[in-house]
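Q: Sequence and computational prediction follow.
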Amino acid sequence: MYPPVGGAYPGAYPPQPGYTGYSAPQPGYVPAQPGYAPAQPGYNAPPPSYYPQANQQQTGNTVVVVQRQPTVTTAVLTPVGDYYYTASIVLSFICFFCGSWWSLCCTIPAIFVASSARDAAARGDLDGARRSGQTALGLNIAAVVFYIIIWAVIIGLAAGLQSATRCYYSNGYYACY
């Protein structure tokens, strides 16, 4: 049961002889004096005074207030658009994976032109960015038209060859002429 009866804990040291508690100071201890601590060597200067002391006089009621005027900054935000960069990349993937590699001759240059258009827009040359963006769009349109024309020719040739070829089956043989 804690605290134990008699105030002593098991294993505690017995009270020291001549010690009556915390109120008695140690021998040679000098209690703190009221007021400021003594100045350290080399630091004898008094602290700066911000208010007039009793022995100083105020000379007038003039107050000088210095304020900085706010600075107005105008920021011009230039919109950095896509300039058909994404369209060029998507069309390149479509042409590559659909077997239309001949259209890549238009879509890959369109990626470079659209990238230069975005760089020009970031520099602030919006007119050059617009021109390069229109060039990238023209290359992408040319790639799509080229893609359609080539596939139409391939399908037309395949259909024409199929219709021009006459095949028949006779006596266990398959022949075409």
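A: Yes, it's here.
Q: Let's see the distance spanning stretch 74-87 from one end to the other.
A: Stretch 74-87 stretches 34 Å from its first residue to its last (CA to CA, to the nearest Å).
Q: All further residue positions should be reported with the first residue as 29.
A: Shifting the count to begin at 29 puts that one at stretch 102-115.
Q: wait, what's in contact with residue 111?
A: Neighbour list for residue 111: 142, 145, 146, 149, 157, 160, 161, 164 [criterion: CB atoms under 8 Å, 6 or more residues apart in numbering]. For every residue, glycine as well, the C-beta is placed using N, CA and C.
Q: Tell me which two in these are the farthest apart.
A: Maximum pairwise distance in the contacts of residue 111, criterion CB to CB, is 12.3 Å, between 149 and 164.
Q: neighbour count winner among the two?
A: Higher neighbour count among residue 149 and residue 164: residue 164, with 27 against 21, using other CB atoms under 10 Å.
Q: And the more buried one, how far from residue 121?
A: 16 Å (CB to CB, to the nearest Å).
Q: what's the closest non-adjacent residue to residue 115?
A: Using CB to CB, 6 or more residues apart in numbering and skipping residues adjacent in sequence, the residue nearest residue 115 is residue 168, 5.5 Å away.
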